[in-house]
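> Build me a model from this:
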Amino acid sequence: MFSKAGRSLFKEVLSELRKEILQLPEGYKIPSQQELCNNFGVSRTLIREVLVSLEREGLIIRKQGLGTFVVKKEGIVQTGLDYLRGVYNIISTSGRTPKLILNEFEEVKATPPISKTLKIDKNEPLIKIKRLYTADDIPVIYAETYMVVNRIPGGREAILSVLKNEKSREEEIFSFLDKYFMRPIKHAIAEIEAIEANKYLSALLKVPEKKAITLLLEVHYDENNIPLLYSLDYINTSVFKLSVFRRKI
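Numbering: from 1, shown residues only. Here you go, the predicted model:
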């Protein structure tokens, strides 16, 4: 869609407009596309894509014939499902402070259901990563991610070396696959289930037992459509809201 320079400019305008919107009150009508083009000195195409991204993040709503308005849901972290943006980024762009308060990993063997999902042999080695994220110190997501050891350059030793590095704590798992192993995640297939919090999840997410929470199951693929990760994200939906951007065709 954009050249490398254009993509950099897109990110710059997106970041700046996002900061401005987070300071505005609920229902505030933001300037028109033409006014934004003039303010930032960029094309209408770029501004249009920026507004699409902000709408997907749940920060604005566009009403045909009326304009574009700021959406504010105090205490809520909201995100669309159509971009792989990472938990840290989602929380911070919602105006909250993200924190990783649990970061554990262990070596496990693939069970029959997981081996089928990841298209690997039963008992093939995996690294299981467990992370618990908070937004303004409120637990929002507990994630269990399974990484296919034999599909990562350097295998077991390389993966464990990265996970033991303190710097990796603040990096999304699919981000350091690209950074350290040159195996970028290109897309994911997601399923959503409504479940009840058991005793274990209740304690982690600080919600009552049997409270309804959302389970987001995702298989992450590389550019060759090979699955590298399988993640189960248990979401406290009283704080973290998911949305889907749907377009009429």
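> who does the closest residue in space to residue 230 that isn't next to it in sequence bridge with?
Distances taken as CB to CB, 6 or more residues apart in numbering put residue 146 closest to residue 230, at 4.5 Å, once the chain neighbours are dropped. Glycine gets a C-beta too; all of them are placed from N, C-alpha and C. Beta-bridge pairing of residue 146 under DSSP bridges involves residue 128, residue 230.
> Point to the helix or strand of the protein where mean pLDDT is at its lowest.
strand 77-80 (a mean of 57; mean pLDDT, DSSP states H and E).
> For the helix or strand following that one, which residues meet the burial criterion?
Downstream of strand 77-80, the next assigned helix or strand under DSSP states H and E is helix 87-93. Under the neighbour-count criterion of 16 or more other CB atoms under 10 Å, helix 87-93 has 87-91, 93 buried.
> Pick the one among the residues you listed closest to residue 13.
residue 93 (14.2 Å; CB to CB).
> Tell me the confidence at the residue nearest to the spatial centre of the chain?
Note on the chain: the residue nearest the mean C-alpha position is residue 86, at 3.2 Å, using CA atoms, centre = their mean. Note on residue 86: pLDDT of 76.
> i'd like the first residue to be 326 from this point on
With 326 as the first residue, the last one maps to residue 411.
> The closest residue to it other than its chain neighbours: neighbouring residues, count only.
Spatial nearest neighbour of residue 411, chain neighbours left out: residue 497 (3.7 Å); criterion: CB to CB, 6+ apart. Residues within reach of residue 497, counting by other CB atoms under 10 Å, total 18.
> Likewise for residue 555?
23.
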